[in-house]
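J.: I'd like to go over a predicted model; first the sequence, then the structure.
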Amino acid sequence: MDTKSNNLWWWIIIALLALGLIGLGIYSFQTQKEHTKITNEIKKEKEEIASNLDDMIVKYEDAISQNTSLSTELEVERDRILSLRDSIKKIKKVNYALIKRYRREISNLKLLNQRLFRKNDSLRNANQSLSLNLAAERKKVENHQSRINNLTKKNYELEGKVTVGSVLKVDKFTTTALKKRSSGRLVTTSRARRIEAFRVSFFVQKNVISDKGERTAYIQIKNQNGEVIGNKKGELKLSTGNKITYSDKINFEYEREEQEVIGLVNVVKGSVKKGFVEITVYIDGALAGGSTYKVKH
């Protein structure tokens, strides 16, 4: 009886152990299955994050190529995203907490993207508008130069007392707008309403058949409204018989060589308007040349 009872207990213990092993195997299988599922989901999520970052990089490259004043800031953010993408691709172990942190960081990046791209689009539209305005202003310059060329041609045709070949011509204009400080010192300015003088520089061309000696260059400056401006205005009779109003005049000694002539033309503060001013020079009663200067503000 005791032997049979002992054998029975052994069989019961063995059966229980077998059932435990089977249960443990089933649990381990289910656990491994669940772990594999989670691992695959995290890998998939990592790939999606990397793909989203790739899309963001492409958008940044496109925005940078538009060459606005934000290009440097956009390049910094693009490099940041590149570094983040590379870091994600280098993750070897399953790390859900790290993936979650990257998700939050990408969410913040998307908000920054929206702000930067809106600002970049605004700058790009402004640049396009400026390009159109620049083309229109360039056309005005061309028209003015065409008028000067036509006046020069007419001057050649109507020239009476002065031989065409001896007429002095000027080029290489440099114009600077100036304002006065309280100390009386003149400094440069770009604002039309503050301009009180123009520093005008030009070169008289070499002319071996023109007479040496003292000459007078009459400078005429017209504002955007076509008004002659200047504190020392006077009237000049041209060799053609016509009369013009000049803004100021400069005396210089001519030596038949190319030489620079510099003059300071004072104007009434507020008489200059935003846009182009026309600068024309007359020597010996004839048109010598001209240029334009753009007042930006």
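T.: That came through, no problem. Residues are numbered from 1 along each chain as shown.

J.: the helices in the stretch 51-200 of the chain, which residues?
T.: 71-89, 96-158 (DSSP state H, counting those that start in this stretch).

J.: let me see the contact set for residue 144.
T.: By C-beta atoms under 8 Å, 6 or more residues apart in numbering, the residues touching residue 144 are 276, 278, 290, 292. Every C-beta, even on glycine, is put in place using the N, C-alpha and C of the backbone.

J.: rewinding a little: hey, least reliable of the helices of the stretch 51-200 of the chain by pLDDT?
T.: Among these, helix 96-158 has the lowest mean pLDDT, at a mean of 65.

J.: in contact with residue 292, which residues?
T.: Contact analysis of residue 292 by C-beta under 8 Å, 6+ apart lists 140, 141, 144, 145, 276, 277, 278, 279.

J.: ok, now how distant is it from residue 148?
T.: 9 Å (C-beta to C-beta, to the nearest Å).

J.: repeat that for residue 170.
T.: Distance from residue 170 to residue 148, by C-beta to C-beta: 11 Å.

J.: then residue 278?
T.: 9 Å.

J.: shared neighbours of those two, anything?
T.: With C-beta under 8 Å, 6+ apart as the test, residue 278 and residue 148 both reach residue 290.

J.: just checking, residue 273 touches residue 229?
T.: No. With contact defined as C-beta atoms under 8 Å, residue 273 and residue 229 do not form a contacting pair (9.6 Å).

J.: between the two, which has more neighbouring residues?
T.: A count of neighbours by other C-beta atoms under 10 Å puts residue 229 above the other of residue 273 and residue 229, at 21 against 16.

J.: show me where the stretch 151-297 of the chain has strands.
T.: 170-180, 186-188, 197-204, 213-222, 228-229, 234-237, 243-246, 248-254, 259-266, 275-283, 286-295 (DSSP state E, counting those that start in this stretch).

J.: sorry, back to before: overlap in contacts of residue 273 and residue 229?
T.: residue 223.

J.: show me where pLDDT drops low in the stretch 151-297 of the chain?
T.: Within the stretch 151-297 of the chain, the segments meeting pLDDT under 70 span 152-165.

J.: domain ranges for this protein?
T.: 2-127, 162-295 (automatic domain parsing).

J.: rewinding a little: which one of residue 278 and residue 148 has more residues nearby?
T.: The neighbour comparison of residue 278 against residue 148 (other C-beta under 10 Å) goes to residue 278, with 20 against 17.

J.: what's opposite that one in the beta bridge?
T.: Judged by DSSP bridges, the bridge partners of residue 278 are residue 222, residue 292.

J.: report the contact partners of it.
T.: Counted by C-beta under 8 Å, 6+ apart, residue 278 has contacts 144, 220, 221, 222, 290, 292.

J.: closest to residue 56 among these?
T.: Residue 56 lies nearest to residue 292 out of these, by C-beta to C-beta, at 46.6 Å.

J.: separation between that closest one and residue 259?
T.: In terms of C-beta to C-beta, residue 292 sits 23 Å off from residue 259.

J.: cool, residue 51 as well?
T.: 69 Å.

J.: how about residue 178?
T.: 23 Å.

J.: looking at these two, which is more packed in?
T.: Taking neighbours as other C-beta under 10 Å, residue 178 and residue 259 compare with residue 178 leading, 19 against 13.

J.: for the more buried one, give the beta-bridge partners.
T.: Under the criterion used (DSSP bridges), residue 178 bridges to residue 188, residue 197.

J.: my guess is it contacts residue 194. True?
T.: No. Using C-beta under 8 Å, residue 178 is not in contact with residue 194, being 9.2 Å away.

J.: tell me, how many residues neighbour residue 291?
T.: Residue 291: 21 neighbours (other C-beta under 10 Å).

J.: swap in residue 192?
T.: Neighbours around residue 192, by other C-beta under 10 Å: 19.
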